[in-house]
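Chemist: task: produce atomic coordinates for the following.
(chains A, B and C)
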Amino acid sequence: MIQVFDLNVEGRELFSLSFGDIVPYFSVYTGALAAFVIIFILIAIFSLPERQMNIAFGGDAYYAKEVNVPDMRFSRFMAIACGAATLGAMVTGDIFNFTLFAVMVGITNIGIVAASGNKHVLNAAFQYGIVAMLATVPLFGGAALILATTGSLSIWVLAGAGVVPLLAKALLVLGVMGEGIAPLYIGKAEIIRAQGAPYVLMIHFSSLLLFLRVIEIVLVI
Amino acid sequence: MIEYILAAIFAGLLLHGIHRKVIARVQGRPGPPIWQEILHTLKFLAKETWIPKTASQGVYVGVVAISIGLWVAAFALLMAGESLLLLFALYVLHKIVEHGIGLASGSPYTKFGAIRSVVSAASELPLLSSVALIYLITGSLMLRDIEAYQVINGPLLLPALPAAIALYMVILSKIHYGPFSIVEAKELVSGYWTEHFGVWRGVMNAAFGLKTFVLLYAFVMIFIGPVGVPVALLLVFLLMISLSFVCAATPMLAPYDSVTVQTVTTALVACYIIYLGVFA
Amino acid sequence: MMKRFSIQLFAIISGVILVIASAGAHLGIIAPSLSAVIAILIVPVLLISVGLLFAARLTDGDIPFMGY
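Modeler: Here you go, the predicted structure:
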């Protein structure tokens, strides 16, 4: 039987923890990603938000927007929760857990945006909510297809067996792209009316990391 | 380790200087001396440094440290012959650095640069398709295995030509003054790094020098194979000059055109991968 | 605040750690992977503190917050 680390995809094994057939593991790859997530969670915890400069329309005047403290607290909580969910998605060795963490990233992403009182930002948050909900269908559908065809959802068991259908992998990637909202979010500059660093940064960060992890999963299983 | 890192930073900054010189000569200008970028970096290190009052302090400083850490990691990975997938991941995480630098300061110019950086997320996709193609051909993503494969089967440049073109596009989209460098376009002052000055700018310059060196060296490692350090450095130099010619001869594309070109490249390489997978 | 002395301390300590790490990796005392991880973590500290040290004569090592 081929193991995850015989595949020459992600470097050697650093750590693995056996819970029956579900094995959370760190390779060089996932270990590096997890370390990066921890750094960003720390930044989200300890960093004060930026104060955005705004230009008064029709003139040269500019002013710094005030930071609304309760909103900022909610954003920060959501950003930290988003970081925690991303960390979970990096660490887990189970495809179902991965999809759950991906959905949690989607929910917290909306939470970060929705903390702002601005009409345009709330409108954007509503649309992201719809995208994230739609994306759960391919995401869980992909996981369900994998379970139905192979009888297992453990990355450790499926590694290198080559039994996962291509359709399931494609649905998984599609679902993650929807949850992370990265490709859909690029057209929506409204999000930047909300507090940018470090909270909106966390949205982009979590979606890129989810994408990196799902590539690893798709290559391994 | 540290001696190699410092040497690579200097080599990268020198490559930037050569880049500017070649562009200037192609365009019929005298251009700056080739060590200009090294002097630039040292100059920025000695400038007065502060943190803008509107900035998110942790992100403002942290992202600069992350940018240099990221490319040191990529360099260490090249030296150890680790996974190409990890190099891809570090390259993608560089996007976070651009985005974070842009968002940290509160300035509208840098914010525009950050938005453009997100829009040009398409520039990562050619690298992914070239990684996939290399995996399909060599059956491994470890750089040492790829080198071993090339010792036996000859350079990957010809069998994986679409992947090489895609990686070339990736390097081109990260190079200064290139057709895809919309994140630092002059209509945004300096784009995402407008508000980083003094020491922060100096360290970022060092990180970007290291980035250029790592990407070019990775190209030589992946597509030419193990040729020894002097020949590899010569190839890196020639590659840089070819990039400078492209940059000198092309105008900067509009943001959406830039994204379109990158996406089309990815699609073409993806078609080639499907063709290989199905018919070969 | 970051005074000149503490910046000097940071620069010297991080430089020494880096030199020890790479020398150890060359001599085979430290595993190359450990040396690489140390380099990744410490190089940013070294470069930023050396930079601040260069700039220190202007502000005596302070990083003031200035703005609008």
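Chemist: where does chain B come near chain C, residue by residue?
Modeler: B:1-3, B:5, B:42, B:44-54, B:57, B:61, B:64-66, B:68-69, B:72-73, B:76, B:79-80, B:198-199, B:202-203, B:206 (C-beta under 8 Å from any C-beta of the partner chain). C-beta: built from backbone N, CA, C; applies to glycine.
Chemist: one more: chain A?
Modeler: For chain A, the residues in contact with chain C (C-beta under 8 Å from any C-beta) are A:Met53, A:Tyr62, A:Ala64.
Chemist: looking at chain A, which helix or strand is least sure?
Modeler: Lowest mean confidence among the helices and strands of chain A (mean pLDDT, DSSP states H and E): helix A:182-185, at a mean of 55.
Chemist: the helix or strand hosting B:Leu87 and chain A in contact?
Modeler: B:Leu87 belongs to helix B:84-104 when assigned by DSSP states H and E. Yes. With C-beta under 8 Å from any C-beta as the criterion, chain A is reached by helix B:84-104 at B:85-86, B:88-90, B:92-93, B:95-96, B:99-100, B:103-104.
Chemist: name the helices or strands packed onto that helix?
Modeler: Applying 3 or more C-beta pairs under 8 Å, 6 or more residues apart in numbering or on different chains; DSSP states H and E, one finds that helix B:84-104 makes contact with helix A:28-46, helix A:201-220, helix B:57-80, helix B:108-119, helix B:125-138, helix B:143-153, helix B:198-223.
Chemist: which elements pack onto the shortest one?
Modeler: Other helices and strands packing on helix B:143-153, by 3+ C-beta pairs under 8 Å, 6+ apart, are helix B:84-104, helix B:125-138, helix B:198-223.
Chemist: hmm, who's touching it?
Modeler: A:8, B:77-78, B:81-84, B:87, B:134, B:138-140, B:156, B:159, B:221-222, B:224-226 (C-beta atoms under 8 Å, 6 or more residues apart in numbering or on different chains).
Chemist: with just CA atoms, put that helix into CSV.
Modeler: This file holds the C-alpha atoms of helix B:143-153, laid out as CSV (Å, rounded to 0.1, in the frame of the first residue of the first chain):
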residue,chain,number,x,y,z
LEU,B,143,13.4,19.3,-7.0
ARG,B,144,16.1,16.7,-6.4
ASP,B,145,14.1,14.0,-8.3
ILE,B,146,13.5,16.5,-11.1
GLU,B,147,17.2,17.1,-11.3
ALA,B,148,17.9,13.3,-11.3
TYR,B,149,15.3,12.8,-14.0
GLN,B,150,17.1,15.4,-16.2
VAL,B,151,20.5,13.8,-15.6
ILE,B,152,19.1,10.6,-17.2
ASN,B,153,16.6,12.0,-19.8
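Chemist: regarding chain C, what is its longest helix?
Modeler: helix C:32-59 (DSSP state H).
Chemist: the inter-axis angle of that one versus helix B:198-223?
Modeler: Angle of helix C:32-59 versus helix B:198-223, following axes from the mean of the first three to the mean of the last three C-alpha atoms, to 10 degrees, is 150 degrees.
Chemist: what separation do you get for A:Ser18 and B:Leu86?
Modeler: Applying C-beta to C-beta, to the nearest Å, the value for A:Ser18 to B:Leu86 is 25 Å.
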